[in-house]
Structure formats: C-alpha cells, structure tokens
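In: can you look at this prediction? I've put the sequence above it.
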Amino acid sequence: MNISTFIKNPTFKVGLASLGSLGSLAITTSALAAQLDFSSWQKFGDVITPEGGANLSTASLQFQDDAPASAGAFNYSGIPAGDAGFYPDLQNFLALADLSDLDIGGFVFEGSAIKNTLTLAAGDTLSFDWNFRTNETLNKDFAFLLVNGTLIKLADFTDATQADSPFLQKTGIRSYTFSTPGTYTFALGVVDVDDYGTTSALEISNAKLERVLVPEPSTILGLFTALGCSVIRRLRKKST
Ligand SMILES: [Ca+2]
Ligand SMILES: [Ca+2]
C-alpha cells in the first residue's frame with residue numbers, strides 16, 4: 001500500500017444515540033483520508049509527482065513535438081515520453097494482453113503512464129481530480145485509467161473545450177471515484193495518437209484513499225462495559 005503517512009482530518013467518533021437506553025445504543029464510525037503518494041508508483045515516460053498528484057505528458061524532448069515552441073516546452077520532467085507504436089514499450093509497461101488495446105481513435109505512437117497495486121476494503125473510496133490538457137486539434141490523443149487491464153478513456157481532445165494556457169485547450173478539472181472492494185492494479189496515462197507531435201497531458205490532483213474506521217471489538221466491549229457499569233450505578237443510586 002503506497003499511501004503517504006500524512007493523514008488528513010484524522011477523526012474517529014463513537015456516538016451514543018441515547019444514554020438513557022441501551023436498546024437504542026448506536027456505534028458510529030468515521031473515516032481516515034490518506035493522500036495518495038504517486039512518487040512511489042512505477043513510472044514510464046514523462047512523469048512528475050507533486051504532492052497528492054501526478055503530471056504526465058506525451059512530450060518528447062524533440063523540437064518537432066510542438067514547433068515552433070522550443071524543444072521540451074511541454075515536457076514536465078526532462079524525461080521524454082516513451083514508445084508505444086513500433087516499439088510497444090508502454091503497452092508492455094501496462095502489461096496489456098493485446099498490444100492494440102491502446103489503439104482507440106487511431107494508432108498510438110508514444111506516451112507516459114504510472115501504475116501501482118492497491119487494495120480497497122469494503123467502504124474504502126479512491127478518488128482523484130484530473131484535467132486533460134492538449135495542443136491537439138486533429139489527432140485523438142487521449143488520457144486513460146486502466147483498472148486490472150480494463151481501459152477507461154478519460155478524455156480526448158474533443159472533450160477539451162475550455163481555453164487553456166500554455167496548452168491550447170483543457171477539459172477543466174473533473175473527478176473520478178472508485179469504491180469497489182478488491183485488489184487492483186491501477187494505471188493512469190496519456191498518449192499521442194496517429195503521430196508523435198502536438199503534446200497532450202494528464203494532470204492528477206487531490207488524490208486520496210478514504211478508509212472507513214470500524215471500532216475494534218475490544219473497544220466496543222469496553223464501551224458497553226463502561227456504559228453498563230454507569231447505568232447500573234445510576235440504577236443503584238436511584239433505588240437507595
Ligand atoms: Ca510527442
Ligand atoms: Ca499528439
């Protein structure tokens with residue numbers, strides 16, 4: 001589990017619905033929200049991991065990618081996007097069963113991605129915000145989420161309808177939530193489609209894993225014992 005040790009809003013409450021009646025006693029639980037630390041995820045291509053997020057692009061360090069902008073102008077890390085076309089390095093990184101799985105809307109040329117395996121217990125919620133930014137007006141570069149090998153397309157340039165800078169267009173920030181219990185390999189990525197040029201990017205922010213806290217049985221037993229003793233003492237007091 002690669003979550004940071006930084007805990008946000010660590011609240012834990014045990015609520016008593018009615019102190020006057022054990023029959024209506026209610027134990028309530030709360031949640032811990034832990035910020036996801038993408039720095040420990042496996043990386044491919046152009047990736048940086050600011051706190052609680054990750055930025056990925058399809059930019060190489062070649063002048064041709066975004067001419068007349070300077071070489072690497074849209075690259076985040078100084079590491080070029082990796083091959084996904086004639087050399088299917090990205091597909092191998094993602095462990096895709098079929099090398100053509102990324103070829104939606106065209107032939108994929110290059111891209112970047114991150115991946116990790118996480119386990120969600122019942123009640124856990126993985127969530128993040130994302131923004132697809134692009135200079136494309138022609139080829140259907142896209143950003144994606146991969147969950148245990150199943151591709152979920154987040155957006156291509158036709159979804160990026162808001163003006164942006166320094167990119168041309170963006171989708172704006174959207175949110176994604178996942179809460180099905182299980183162990184999953186998650187990957188996030190962005191790819192150039194139909195040629196190497198004209199950069200697109202995926203920016204992830206506000207990523208967190210929220211876990212439901214269930215009181216330990218010993219805590220509940222202790223609570224009942226303490227409350228029972230308290231009620232008995234009150235009853236004895238009343239009868240004397
Ligand atoms: Ca490129
Ligand atoms: Ca492109």
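Out: Yep, that arrived. Ligands and ions are numbered 1, 2, ... in the order given.
In: for this structure, give me the ranges with low pLDDT.
Out: 1-29, 214-240 (pLDDT under 70).
In: try it again at 80.
Out: 1-31, 213-240 (pLDDT under 80).
In: ligand 2 contacts on this structure?
Out: Contacts of the chain with ligand 2, taken as Cβ under 5 Å from the ion, map to 141, 192, 198. All C-beta spots, glycine's among them, are computed from the backbone N, C-alpha and C.
In: in space, what's closest to the second one - neighbours in sequence excluded?
Out: It refers to D192. T58 (4.2 Å; Cβ to Cβ, 6 or more residues apart in numbering).
In: the one you found reaches L202, doesn't it?
Out: No: T58 is beyond contact range of L202, at 9.2 Å (criterion: Cβ atoms under 8 Å).
In: overlap in contacts of the two?
Out: Taking Cβ atoms under 8 Å, 6 or more residues apart in numbering as the criterion, T58 and L202 both touch V190.
In: looking at these two, which one has more neighbours?
Out: In this view T58 and L202 are compared by other Cβ atoms under 10 Å, and T58 has more residues nearby, 36 against 31.
In: what's across from G182 in the sheet?
Out: L120 (DSSP bridges).
In: how many other residues sit next to it?
Out: Neighbours of G182 under the rule other Cβ under 10 Å: 12.
In: residues touching the spatially closest residue to F157 that is not a sequence neighbour, list them.
Out: Closest residue to F157 apart from its sequence neighbours, by Cβ to Cβ, 6+ apart: E136 at 3.9 Å. Taking Cβ under 8 Å, 6+ apart, we find E136 in contact with 157, 160, 168-169, 198, 200.
In: most neighbours out of those, which is it?
Out: When the contacts of E136 are compared by neighbour count (other Cβ under 10 Å), S200 ends up highest, at 32 neighbours.
In: these two touch, right, A59 and A71?
Out: No: the pair A59 / A71 is not scored as a contact, 9.2 Å apart, by Cβ under 8 Å.
In: overlap in contacts, the two.
Out: With Cβ under 8 Å, 6+ apart as the test, A59 and A71 both reach D65.
In: helix, strand or coil for S39?
Out: In three-state terms, and counting by DSSP: H, G, I helix; E, B strand; the rest coil, S39 is helix.
In: quick one, what contacts it?
Out: Applying Cβ under 8 Å, 6+ apart to S39 gives the contacts T49.
In: do the same with A113
Out: When contacts are counted by Cβ under 8 Å, 6+ apart, A113 touches 43-45, 47, 56, 90, 93-94, 146, 187-190.
In: and the residues you listed, which of them are in helices?
Out: If you go by DSSP state H, the contacts of A113 have 90, 93 in helices.
In: between the contacts of A113, which sits nearest K208?
Out: Checking the contacts of A113 against K208 with Cβ to Cβ, the nearest one is L188 at 14.6 Å.
In: measure stretch 32-52 end to end?
Out: Using Cα to Cα, to the nearest Å, one end of stretch 32-52 lies 15 Å from the other.
In: correct me, but V212 touches D124?
Out: Yes: using Cβ under 8 Å, V212 is in contact with D124, at 6.7 Å.
In: okay, these two: which has more neighbours?
Out: Set V212 next to D124 and count neighbours by other Cβ under 10 Å: D124 wins out with 18 against 13.
In: the spatially closest residue to N148 that is not a sequence neighbour: which element?
Out: Spatially, and ignoring its direct neighbours in sequence, N148 is nearest to Y184 (5.2 Å; Cβ to Cβ, 6+ apart). Using DSSP states H and E, Y184 falls within strand 182-193.
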